[in-house]
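Undergrad: I would like the atomic coordinates for the input below:
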Amino acid sequence: MAYASREDVVLMLARIAAVVLVVGVMVAAAVARGASGPGTADVVDLSWLGEDGWALLGVPCGEGFCARLARTADGGLTWTALPTPPAGLTGAGCARLPCVEHVAFASTRVGYLFYPSLLVTRDGGATWSRVAGPQVESLAPGPDDVVRVAYNHEGCPGPCDRVIEAASAGSSRWRVLLAGLSTIAVSRADSAQVLRAGADAIYVPIYGDLAAGVGTQQTTIYRSLDGGRHWSRLGDPCGGSGARARAAIEVAVSPRGSLAALCSPRSAQGADVSVVTSADGGHSWSANRPVPSAAGFAPDLIASAGRNDLVVSNSLVSGSGPYTYRLLSTTDGGQRWSTVASESVQLDTGAASTGYLSFQTPLDGRWVGDQHAIWTTTDGGRRWTRRALAVG
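TA: Now for the predicted structure:
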């Protein structure tokens, strides 16, 4: 048996130490830049400006999730990790850091992470700073400014004094557009959303709480057609009353400016869902048109490519066991529907839960059908292609 000399042993140990050091540096660098490979990061939200896109991702972080960001410049063919933002998503991720759930970029330089905290970047996501002030429920950039719905304390759907505000992209000087938002007396004002259609049209639906035991919980929509100078207060577009009352659970605006709402009966949430559409800014709405039902399919997301071109789906959930996400499309305002995409998955009790379905142009749209992939359409929602999100 041959024995190594003392010098050989020392040299071998030095080489091992060098390898360990290099590996450690590589791992530390990957963590520092927020790199996360497919299967370890969940898609939480997306933001698009043409072919430029940003993905808010969630990675396991103690008892919850920490936020990561990735960017694409080719419509989602390839993704590159951005520096880790100082934000958490849920659970332990929010115990140490400001909590967010959404991302929105106003330009390739100026972007926001929000709900309930607000962070802004002015260098394309290289650095982020927290914006002091009220909690931000929803935010939407437009061609000239950014509009948000903010509230002054936790407690929604209790009295939380929602206000609609606007600021120039990247500015921390917010001006009030409308204060004292309310809903019909029989709704709890569960959540609010900002929708934009060009520079002038702003819609702010305030949704009721269908889990509440009493009341119709119908939606109230605030509308401005002049950039926020004047506002109208609209009732729920889904209609009905008493036992036949329907409530809008999601409102969408198309790139062409038409509106669509997903309606649920108050007495049977998730069943007998229908859609209504408007081509005149919410002045009038179509009749309710039913969405085909299927076992386990309860759509809660809607997107519109145009007046008659709609898609609906069920959003991401956490849990255990098999589950199917479905994407249904119509080209005649909801009279006929077809299943254009579906995703069968095994639910993960530790997955980040959210939902994304939106059209960026009358032809281009995206849907997150599971936590690790993005479905894309380039023909207004008729055909969809799945691509796993892999961050390089």
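
Undergrad: spatially speaking, which residue is in the middle of this protein?
TA: By CA atoms, centre = their mean, the chain has its centre lying nearest to residue 45, at 4.3 Å.

Undergrad: was I right about that residue contacting residue 112?
TA: No. Residue 45 is beyond contact range of residue 112, at 11.1 Å (criterion: CB atoms under 8 Å). Heads up, the C-betas are built off the backbone N, CA and C, glycines and all.

Undergrad: Bridging across strands, which residues link to the residue nearest to the centre of the chain?
TA: Beta bridges link residue 45 to residue 56, judged by DSSP bridges.

Undergrad: what about the closest residue to residue 191 other than its chain neighbours, neighbour count?
TA: Sequence neighbours aside, residue 207 is the residue nearest to residue 191 in space, at 5.1 Å (criterion: CB to CB, 6 or more residues apart in numbering). Using other CB atoms under 10 Å, residue 207 has 25 neighbouring residues.

Undergrad: Contact partners for residue 207?
TA: 189, 190, 191, 192, 193, 219, 247, 248, 249 (CB atoms under 8 Å, 6 or more residues apart in numbering).

Undergrad: out of the residues you listed, which is most surrounded?
TA: That'd be residue 219 among those, by other CB under 10 Å, with 30 neighbours.

Undergrad: so who does that one touch?
TA: 183, 187, 205-208, 236-238, 247-249, 251, 261.

Undergrad: which one is it nearest to, not counting chain neighbours?
TA: Nearest one to residue 219, counting by CB to CB, 6+ apart, is residue 248 at 4.1 Å.

Undergrad: wait, isn't the one you found in contact with residue 240?
TA: No. Using CB under 8 Å, residue 248 is not in contact with residue 240, being 11.1 Å away.

Undergrad: how about the strands in the stretch 1-150 of the chain?
TA: 42-49, 52-61, 64-72, 80-81, 88-90, 102-105, 111-114, 118-121, 129-130, 135-141, 146-151 (DSSP state E, counting those that start in this stretch).

Undergrad: Need the winner for burial among the ones you listed.
TA: strand 111-114 (a mean of 28; mean count of other CB atoms under 10 Å).

Undergrad: Paired strands for that one, with orientation please.
TA: strand 102-105 (antiparallel), strand 118-121 (antiparallel).

Undergrad: any idea how far residue 281 is from the spatially closest residue to residue 94 that is not a sequence neighbour?
TA: With sequence-adjacent residues excluded and distances taken as CB to CB, 6+ apart, residue 94 is closest to residue 88, at 4.1 Å. From residue 88 across to residue 281, the span is 38 Å (CB to CB, to the nearest Å).

Undergrad: Look up which residues are beta-bridged to residue 366.
TA: With DSSP bridges as the rule, residue 366 is bridged to residue 358, residue 376.

Undergrad: hang on, isn't it packed against residue 378?
TA: No. Using CB under 8 Å, residue 366 makes no contact with residue 378, being 10.6 Å away.

Undergrad: Look at those two and report which has more neighbours.
TA: Neighbours of residue 366 and residue 378, each counted by other CB under 10 Å, are more numerous for residue 366; the result is 20 against 14.

Undergrad: What distance do you get for that one to residue 286?
TA: 26 Å.

Undergrad: before we move on, what about residue 231?
TA: Taken as CB to CB, the span from residue 231 to residue 286 is 24 Å.

Undergrad: re earlier: now tabulate the strands paired with strand 111-114 in TSV and tack on distance to residue 313.
TA: Below are the strands paired with strand 111-114 laid out as TSV (distance: least, CB to CB, whole Å):
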stretch	distance to residue 313
strand 102-105	18
strand 118-121	28
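
Undergrad: Residue 302 is nearest to which of the ones you listed?
TA: strand 102-105 (17.4 Å; CB to CB).

Undergrad: any idea how far that closest one is from the chain center?
TA: Chain-centre distance of strand 102-105: 8 Å, with CA atoms, centre = their mean, to the nearest Å.

Undergrad: hmm, back to that, pull the contacting residues for the residue nearest to residue 94.
TA: Residue 88 touches 61, 64, 65, 66, 67, 94, 95, 96, 97, 98, 99, 100, counting by CB under 8 Å, 6+ apart.

Undergrad: is it in a bridge, and if so with what?
TA: Counting by DSSP bridges, the residues bridging with residue 88 are residue 66, residue 99.

Undergrad: what's stretch 99-107 in contact with?
TA: With CB under 8 Å, 6+ apart, stretch 99-107 has contacts from 44-47, 49, 52, 54-56, 67, 69, 87-90, 93, 111-117, 119, 138-141, 146, 169-170, 354.

Undergrad: scratch that, stretch 337-353
TA: Counting by CB under 8 Å, 6+ apart, 42, 44, 58, 60, 65, 89-90, 291-292, 311, 315-330, 367, 369-371, 373, 375, 381-384, 386 sit against stretch 337-353.

Undergrad: ok, now stretch 289-297?
TA: By CB under 8 Å, 6+ apart, stretch 289-297 touches 262, 271-276, 299, 312, 314, 323-324, 326, 328, 333-335, 337.

Undergrad: Now, of those, which are buried?
TA: 262, 273-276, 299, 312, 314, 323, 326, 328, 333-334, 337 (16 or more other CB atoms under 10 Å).

Undergrad: Show me which pair in the residues you listed is furthest apart.
TA: The largest separation in the buried ones among the contacts of stretch 289-297, counting by CB to CB, is between 323 and 333 at 29.0 Å.

Undergrad: could I get the strands paired with strand 111-114 as a markdown table with distance to residue 134 and mean pLDDT?
TA: Converted to a markdown table, the strands paired with strand 111-114 look like this (distance: least, CB to CB, whole Å; pLDDT from 0 to 100):
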| stretch | distance to residue 134 | mean pLDDT |
| --- | --- | --- |
| strand 102-105 | 16 | 97 |
| strand 118-121 | 9 | 98 |
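
Undergrad: Which among those is found nearest to residue 306?
TA: strand 102-105 (22.7 Å).

Undergrad: Alpha carbons only: can I get that closest one in PDB?
TA: The C-alpha trace of strand 102-105 is given here as PDB (Å, rounded to 0.1, in the frame of the first residue of the first chain):
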ATOM      1  CA  HIS A 102     -48.000  42.900  -7.400                       C
ATOM      2  CA  VAL A 103     -45.500  44.500  -9.800                       C
ATOM      3  CA  ALA A 104     -46.200  47.200 -12.400                       C
ATOM      4  CA  PHE A 105     -43.700  49.100 -14.600                       C
END
